[in-house]
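Visitor: Sharing a model that was predicted from the sequence below.
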Amino acid sequence: MQAPDGPLQEEEALGKAYDARLMKRLLGYLRPYRGRVALAVLMLVAASGLALVGPWLTMEVIDHAIPDGDFGAIRTLAIIFFVSLLLSGLLEYARTILTTWIGQNVMLDLRQEIFRHLQRLRLAYFDRNPVGRLMTRITSDVEVLNEMFTSGVVTIFGDVFTVAFIMIAMLVMDWRLALVTFAVLPLVFVAAWLFRKKVREAYRDIRIRLARINAFLQERITGVRVVQLFRQERAATRWFGEINDDHLEAHLRSITYYALFFPVVEVLASVALALIIWYGGNQALQGTLTIGVIAAFLQYARRFFRPIQDLSEKYNILQGAMASSERIFRLLDEAPGIEDPKDPTELPARVKGRIEFEDVWFRYLSPEEDAAGVTTPALAHAAAWEGAEGRLDEDAPDDGWVLRGISFTAEPGQRLAVVGATGAGKTTLFSLLMRFYEPQRGRITLDGVDIRDLRLADLRNRMGLVLQDVYLFSGSAANNIALDREAVGRDEIREAARQVGVDRHLARLPKKYDEPLSERGGNLSVGERQLVSFARALAGDPPILLLDEATSSVDSEIEAEIQAALERLMEGRTSLVIAHRLSTIQGADRILVLHHGRIRESGTHDTLLESGGLYAQLHRLQFQKPTAAA
């Protein structure tokens, strides 16, 4: 075990600070709310205009109302000033509520789109992308975009309008004094450019270190049993402390840049004020400028530099949004890979269940990926294996093909078993049959129809699948059996549970079928979880059953219970069974022996034992008794 010291490449890339293509696509999510966006922009324009009222009224009071001794004018101007402040506050309140509503709804739309897209992607995509990274796309990256929509895009308009309106007002009042005030702007722009450059680097470092923290936490929490078993608590704590220190250092560095930038802008703003007093005072002494104009300029100058500071700070939000949007759109642009045909063949309500593999060849990686050394979990599962079943030969092909020229037929109602060493390609057969992957050569048919001509839903609705690694969702046992399928009501749930024998186990729970299950069904035993998965597969009365190591994780009592149920349930259904424990498939109508992606033997249990080939060798390895040492 060691601390992760390499950042995730996808998190490390900075990308462009502003990408017009990405921004155009992002703004497309505002289209359903364009009326509200326009209203928010109008509110900002109005608020920016109201920001001009106070200084202008100050000038009027000082230059006209007070010298004229007109108390009524002073009172009127004070009321106007109060009303402008009140309207500005109300506009800011309404604008904040409105932009937050827009941002939250855009985030909702985007997350739903990502989730819908994730469910349509082919399994090969998940083989190549860690779950943690996909979780980040739909949570953290979308949250960054929400911040841009609520605090970035719309409010940037407000800052720009405020700066523009103040510049116009100052130029209208006295263009010479305005130019003197603007003399410090080049220095402000240089400071802002340096700040953005440094903050961009700091932001990248923070993101990388946060990715390291997430990766480390996910790995150590998932493997906490190993950590505790091998007494790695101190080492893990030390490594976590080092990663946290790096994260802290990056954050402190970004805070340092902020702590430097804002005082610099304040100093430059003070220089502008000093220039106004110096030049304006001199002009006032000469009688070419009024005191009211100077007072108004002093107020405008303070308000002028505040949005410039905000714009520099929002650059950080924009930078994060560009990086997050690039990663999100890369995910959304990923082609599903396996889709329904344009003109699908319709299946009858009840298919016969005849399955045929015709010269099927399959590899998980393309030749280009293979040459590049790409590895996936699926490919690792298909790798050559050596263990309890023994190494059957030493000539495993190394050409990347998992299945090579597979041809066989499962007749309606037939019980077909597939055996072989791990990595022989057994589970891959099921994956191809359910169209989780597509073969590179050959075809698979259901009742004589190429499965590529069928809708995915029509194909998969005809199959019940039980895996060795049972996955139960949060919710009740009944929900896990039904999985919101319209055809599976309460009666179908109870009948399926009764047939597999899980009804008596659920009856012992406090709320019976409605008992909430903990994460992955942790409050059920391994065998009970397996039985629930059996009930789930059978609840829709599928004409085809696919059983992948379905009894390998249960004890002998429940295995016997399942075997008895299977004898009844497989009657009249086409059943394909994968098993390492040969005792579970001795009654199969036909057994296929798969080895290095090819069917080496085919026959019944007795005929295969008599032939003395690979099946007989597997049987001997499992059932032979160890000889006592001499």
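Guide: Right, received. Where do you want to start? Numbers count the residues shown, from 1 in each chain.
Visitor: okay, now the domains of this protein?
Guide: If you go by automatic domain parsing, the domain ranges for the chain are 9-332, 411-434+454-623.
Visitor: now these in TSV, with mean pLDDT, distance to Tyr364 and mean neighbour count?
Guide: To be clear about C-beta, it is placed using only N, CA and C from the backbone, and glycine gets the same treatment. Listed next are the domains of the chain as TSV, based on pLDDT from 0 to 100; distance: least, C-beta to C-beta, whole Å; neighbours: other C-beta atoms under 10 Å:
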stretch	mean pLDDT	distance to Tyr364	mean neighbour count
domain 9-332	83	7	17
domain 411-434+454-623	82	8	18
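Visitor: May I see the ones you listed arranged in JSON lines, with distance to Lys352 as well?
Guide: Listed next are the domains of the chain as JSON lines, based on distance: least, C-beta to C-beta, whole Å:
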{"stretch": "domain 9-332", "distance to Lys352": "28"}
{"stretch": "domain 411-434+454-623", "distance to Lys352": "4"}
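Visitor: Compare the ones you listed and report which one is nearest to Arg354.
Guide: domain 411-434+454-623 (5.2 Å; C-beta to C-beta).
Visitor: hey, where'd the helices end up in the stretch 151-300 of the chain?
Guide: 154-173, 175-181, 185-222, 224-229, 233-285, 291-332 (DSSP state H, counting those that start in this stretch).
Visitor: So for Asp359, which of the domains of the chain sits nearest?
Guide: Between the domains of the chain, domain 411-434+454-623 lies closest to Asp359; by C-beta to C-beta that is 11.4 Å.
Visitor: End to end on the closest one, go ahead and measure it.
Guide: 30 Å (C-alpha to C-alpha, to the nearest Å).
Visitor: what's the answer for stretch 64-80, then?
Guide: The first and last residues of stretch 64-80 sit 16 Å apart, counting by C-alpha to C-alpha.
Visitor: And the helices in the stretch 301-450 of the chain?
Guide: 367-372, 377-381, 426-433.
Visitor: what does the longest one rub up against?
Guide: It refers to helix 426-433. Applying C-beta atoms under 8 Å, 6 or more residues apart in numbering, the contact partners of helix 426-433 are 123, 355, 357, 360, 362, 381-382, 402-403, 406, 418-420, 437-439, 444, 451, 463, 465, 546, 548, 576, 578, 594.
Visitor: of all the domains of the chain, which lies closest to Arg350?
Guide: Among the domains of the chain, domain 411-434+454-623 comes nearest to Arg350, with 6.4 Å by C-beta to C-beta.
Visitor: What separation do you get for Arg128 and Leu121?
Guide: Taking C-beta to C-beta, to the nearest Å as the measure, Arg128 falls 11 Å from Leu121.
Visitor: likewise Gly292?
Guide: 67 Å.
Visitor: swap in Arg31?
Guide: Here the distance between Arg31 and Leu121 works out to 25 Å (C-beta to C-beta).
Visitor: ok, now Asn129?
Guide: 9 Å.
Visitor: try Ala487
Guide: 26 Å.
Visitor: now Asn479
Guide: 25 Å.
Visitor: One more: Val402?
Guide: Remark: distance between Val402 and Leu121 (C-beta to C-beta) = 20 Å.
Visitor: of the domains of the chain, which approaches Leu347 most closely?
Guide: Closest among the domains of the chain, using C-beta to C-beta: domain 411-434+454-623, at 5.2 Å.
Visitor: gap between that closest one and the chain center?
Guide: Here domain 411-434+454-623 is found 31 Å from its chain centre; the criterion is C-alpha atoms, centre = their mean, to the nearest Å.
Visitor: ok, now stretch 343-361?
Guide: Relative to the chain's own centre, stretch 343-361 is displaced by 34 Å; criterion: C-alpha atoms, centre = their mean.
Visitor: quick one: average pLDDT of that stretch?
Guide: Averaged across stretch 343-361, pLDDT comes to 89.
Visitor: Please list the residues outside that stretch that contact it.
Guide: With contacts defined as C-beta under 8 Å, 6+ apart, stretch 343-361 is touched by 401, 403-413, 429, 432-433, 439-449, 453-455, 458, 462, 543-544, 573-574, 576.
Visitor: Give me the subset of those lying in strands.
Guide: Within the contacts of stretch 343-361, residues falling in strands by DSSP state E are 403-410, 441-446, 449, 544, 574, 576.
Visitor: Tabulate the CA atom coordinates of stretch 27-34 in CSV.
Guide: Written as CSV, here are the backbone C-alpha positions of stretch 27-34 (Å, rounded to 0.1, in the frame of the first residue of the first chain):
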residue,chain,number,x,y,z
LEU,A,27,-25.7,29.1,-22.4
GLY,A,28,-28.0,26.7,-24.4
TYR,A,29,-29.2,25.3,-21.0
LEU,A,30,-30.6,28.8,-20.2
ARG,A,31,-32.8,28.7,-23.3
PRO,A,32,-35.9,27.2,-21.4
TYR,A,33,-35.5,30.0,-18.9
ARG,A,34,-34.6,32.9,-21.3
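Visitor: Please compute how far it lies from its chain's middle.
Guide: Offset of stretch 27-34 from its chain centre (C-alpha atoms, centre = their mean): 22 Å.
Visitor: contacting residues around it?
Guide: If you take C-beta under 8 Å, 6+ apart as the criterion, stretch 27-34 is touched by Val37, Ile102, Asn105, Val106, Asp109, Leu110, Phe149, Val153.
Visitor: go with 10 Å
Guide: With C-beta atoms under 10 Å, 6 or more residues apart in numbering as the test, stretch 27-34 has contacts from 36-40, 98, 101-103, 105-107, 109-110, 113, 145, 149, 153-154, 325.
Visitor: How about stretch 172-179?
Guide: 55-56, 59, 166-171, 180-181, 275-276, 279-280, 283, 288-290, 292-294, 296-297, 300-301.
Visitor: switch to 8 Å and redo it
Guide: The contact list for stretch 172-179 (C-beta under 8 Å, 6+ apart) reads 59, 167, 170-171, 276, 279-280, 283, 289, 293-294, 296-297.
Visitor: Please save the CA atoms from stretch 157-176 in CSV.
Guide: Only the C-alpha atoms of stretch 157-176 are listed here, as CSV (Å, rounded to 0.1, in the frame of the first residue of the first chain):
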residue,chain,number,x,y,z
PHE,A,157,-23.5,41.7,-16.9
GLY,A,158,-24.2,43.8,-13.8
ASP,A,159,-20.6,44.6,-13.1
VAL,A,160,-20.0,45.5,-16.8
PHE,A,161,-23.0,47.7,-16.9
THR,A,162,-22.0,49.4,-13.6
VAL,A,163,-18.5,50.2,-14.8
ALA,A,164,-19.8,51.4,-18.2
PHE,A,165,-22.5,53.6,-16.6
ILE,A,166,-20.1,55.2,-14.1
MET,A,167,-17.6,55.9,-16.9
ILE,A,168,-20.2,57.6,-19.0
ALA,A,169,-21.5,59.6,-16.0
MET,A,170,-18.0,60.7,-15.2
LEU,A,171,-17.2,61.7,-18.8
VAL,A,172,-20.5,63.6,-19.0
MET,A,173,-19.7,65.5,-15.7
ASP,A,174,-16.2,66.4,-16.6
TRP,A,175,-14.2,64.5,-19.2
ARG,A,176,-10.8,65.9,-18.1
